[in-house]
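**Q** can't give you the sequence, but here's the structure:
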């Protein structure tokens, strides 16, 4: 079993080696992971290995969105094991194509981050809706010196606002941070 593979195409290859140094031919199988449903919100990567006291970056991804006009995303992280690098939140690559986007990062309490995407429409009332998979936001954390083991980042609440519809609660996925 291979846990925590991100979305995408993979090739699994194996071959055997005998004590005499003889190797078999490589056998392989190609497969694709497409487990996150459309209009889902997820962390990228799903699994990250970090060293104690090191910084690491996590992206919040929209998966196959259908005309997102805004979003509110709140997630929890283990404050005893990592700290949010304040003012490190930046708009993700997906929002670079939305010239009038605004993104607000808040840390209402230790261990909780709130991200709000607002005004994804231009001043001329020409709608700009996001409809391709990509990063909405990128955040940086620092693993505590005492951090060890696997820790969870969990999206606790979220709403996505779609063009011409009511807000919906998207499917969300947990990320695992392994401090080594």
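**A** That came through, no problem. Everything numeric in this text was worked out from a predicted model, so none of it was measured. Numbers count the residues shown, from 1 in each chain.
**Q** Counting by contacts, list what the longest strand seen in the chain packs against.
**A** In the chain, assigned by DSSP state E, the strand with the most residues is strand 149-162. Judged by 3 or more C-beta pairs under 8 Å, 6 or more residues apart in numbering; DSSP states H and E, strand 149-162 is in contact with strand 40-44, strand 68-76, strand 175-179. For glycine as for every other residue, the C-beta is placed from the backbone atoms N, C-alpha and C.
**Q** tilt between the first one and strand 149-162?
**A** When you say that, I think you mean strand 40-44. Put simply, strand 40-44 runs at 140 degrees to strand 149-162, going by axes from the mean of the first three to the mean of the last three C-alpha atoms, to 10 degrees.
**Q** For strand 40-44, what is the distance to the chain centroid?
**A** 4 Å (C-alpha atoms, centre = their mean, to the nearest Å).
**Q** now do the longest one
**A** Centroid separation between strand 68-76 and its chain, computed with C-alpha atoms, centre = their mean, is 12 Å.
**Q** What residues of it count as buried?
**A** Buried residues in strand 68-76, counting neighbours by 16 or more other C-beta atoms under 10 Å, are found at 68-75.
**Q** packing partners for it?
**A** strand 40-44, strand 55-63, strand 112-118, strand 134-143, strand 149-162.
**Q** most packed of those?
**A** strand 40-44 (a mean of 22; mean count of other C-beta atoms under 10 Å).
**Q** Which SSE is immediately downstream of that one?
**A** strand 47-50 (DSSP states H and E).
**Q** so who does residue 30 touch?
**A** 9-12 (C-beta atoms under 8 Å, 6 or more residues apart in numbering).
**Q** So which of those residues is the closest to residue 146?
**A** residue 10 (34.5 Å; C-beta to C-beta).
**Q** Name the helix or strand for that closest one, please.
**A** Using DSSP H and E, residue 10 sits in strand 8-14.
**Q** Just give the strands next to the next helix or strand after that strand in its sheet, each with its orientation.
**A** Later in the chain than strand 8-14, the nearest helix or strand by DSSP H and E is strand 27-33. Strand pairing for strand 27-33, using DSSP bridges, gives strand 8-14 (antiparallel).
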